[in-house]
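K.L.:
whatever this is, show me its structure:
(one chain, ligands or ions: 1)
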Amino acid sequence: MTTATLGRVTIPELQRLKSAPITTEPQRRLVAVTAYDYTFARLLDQCGVDILLVGDSLGMVIQGGDNTLSVTLDEMIYHTRAVARAAQRALVVCDLPFGSFQQRPELALTSAVRVLKESGAHAVKLEGGRVMAETVHFLVARGIPVVGHIGLTPQSVHALGGFRMQGRDRASAAQLLEDAQALVEAGASIIVLEGMPMPLAQRITRTVPAITIGIGAGAACDGQVLVLYDLLGLDERFQPRFVKHYLAGADLVRQAVATFADEVRSGVFPAPEHTVME
Ligand code: KIV
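P.N.:
Below is the predicted model of the structure:
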């Protein structure tokens, strides 16, 4: 799969790439990163990131919560609007937060319509497998692209007994494959596979026609996603096995701010070049 020749990344184009026979072009996996604000979204878009996911992980990395459950639809729309303003090329996907879609398909439609109208996102993501298939179908039939999310679904943290890998035994692996198939039959075009063994993610990726985006699911998916702040190493305390810090971000930020503080305290900043005299 390659997006090298794409202008704006669209769902139909991604679907065409997954179903296209492999040509002479080398395959390239899709790149997704979470984004929550305009400035980072602009940088990620300039880097050619294919999918900007405004994840409800913002409840943890932006708001400092222990989980994602308290995030509201208004908060998701607020952050997604900033991200969508920056995205020239990337597909912008907004998470439907906990409590904004589970009750019934009509509620999910109301939430998803608000997201698309008020934020400028191109698709919504919702957590859950077969149990959400009716809702996915309801949205897709009404013109709303839906990204599924199965495996370690953070909105079910209490039911799962923590942020735990899923699909480690035969029964739960079979259930997850069935969940993926149900979501695809309902019309989901992309499915996030989170926190599951690589062979299971590989099997799902090979079995279903939807694009799979993995996080903590090994290298066999059609693409990978990381939470931006994890990728940048902004919290050095958080380094589970599936995360790679591509920057010592926490140290770099602390060094920069400490230097600023030193220069302010010692009178070095602002210097004449930062100062208007008349
Ligand atoms: O909320 C989020 O950021 C997510 C990704 C980690 C997949 O759902």
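
K.L.:
in this structure residue 73 contacts residue 94, no?
P.N.:
No: Residue 73 is beyond contact range of residue 94, at 9.5 Å (criterion: C-beta atoms under 8 Å). Just so you know, the C-beta spots here come from the backbone N, C-alpha and C atoms, and that holds for glycine as well.

K.L.:
more neighbours: the two, which one.
P.N.:
Using other C-beta atoms under 10 Å, the more surrounded residue of residue 73 and residue 94 is residue 94, with 31 against 22.

K.L.:
the more buried one belongs to a strand?
P.N.:
Yes: under DSSP: H, G, I helix; E, B strand; the rest coil, residue 94 sits within a strand.

K.L.:
and the gap between it and residue 217?
P.N.:
Separation of residue 94 from residue 217 (C-beta to C-beta, to the nearest Å) stands at 22 Å.

K.L.:
tell me how many other residues crowd residue 7.
P.N.:
Residue 7 has 9 neighbouring residues, counting by other C-beta under 10 Å.

K.L.:
excluding chain neighbours, what is closest to it?
P.N.:
residue 89 (6.8 Å; C-beta to C-beta, 6 or more residues apart in numbering).

K.L.:
and for residue 203?
P.N.:
Nearest to residue 203 is residue 177, by C-beta to C-beta, 6+ apart, at 6.4 Å.

K.L.:
measure the one you found to the ligand for me?
P.N.:
Going from residue 177 to the ligand by C-beta to the nearest ligand atom, to the nearest Å gives 19 Å.

K.L.:
next one: phi and psi at that residue?
P.N.:
phi -60, psi -40 (degrees, to the nearest 10).

K.L.:
give the full set of residues in contact with it.
P.N.:
200, 203-204, 207 (C-beta atoms under 8 Å, 6 or more residues apart in numbering).

K.L.:
please, where are all the strands along the chain?
P.N.:
Using DSSP state E, the strands of the chain run over 30-34, 51-54, 91-95, 123-127, 146-151, 190-194, 211-215, 223-226.

K.L.:
need the winner for burial among those.
P.N.:
strand 51-54 (a mean of 30; mean count of other C-beta atoms under 10 Å).

K.L.:
and it, what does it pack against?
P.N.:
Here strand 51-54 touches strand 30-34, helix 38-46, helix 73-86, strand 91-95, strand 223-226, going by 3 or more C-beta pairs under 8 Å, 6 or more residues apart in numbering; DSSP states H and E.

K.L.:
now the ones you listed in CSV, with distance to residue 235 and mean pLDDT?
P.N.:
Listed next are the helices and strands packed on strand 51-54 as CSV, based on distance: least, C-beta to C-beta, whole Å; pLDDT from 0 to 100:
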stretch, distance to residue 235, mean pLDDT
strand 30-34, 14, 97
helix 38-46, 15, 98
helix 73-86, 19, 99
strand 91-95, 20, 98
strand 223-226, 13, 98
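
K.L.:
coming back round to it: any chance of JSON lines for the strands of the chain, columns distance to the ligand?
P.N.:
Below are the strands of the chain laid out as JSON lines (distance: least, C-beta to the nearest ligand atom, whole Å):
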{"stretch": "strand 30-34", "distance to the ligand": "4"}
{"stretch": "strand 51-54", "distance to the ligand": "6"}
{"stretch": "strand 91-95", "distance to the ligand": "5"}
{"stretch": "strand 123-127", "distance to the ligand": "7"}
{"stretch": "strand 146-151", "distance to the ligand": "6"}
{"stretch": "strand 190-194", "distance to the ligand": "5"}
{"stretch": "strand 211-215", "distance to the ligand": "5"}
{"stretch": "strand 223-226", "distance to the ligand": "5"}
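
K.L.:
make a PyMOL selection of whichever of the contacts of residue 177 turn out to be buried.
P.N.:
Buried members of those, defined by 16 or more other C-beta atoms under 10 Å, are picked up in PyMOL with:
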select buried, resi 200+203+204
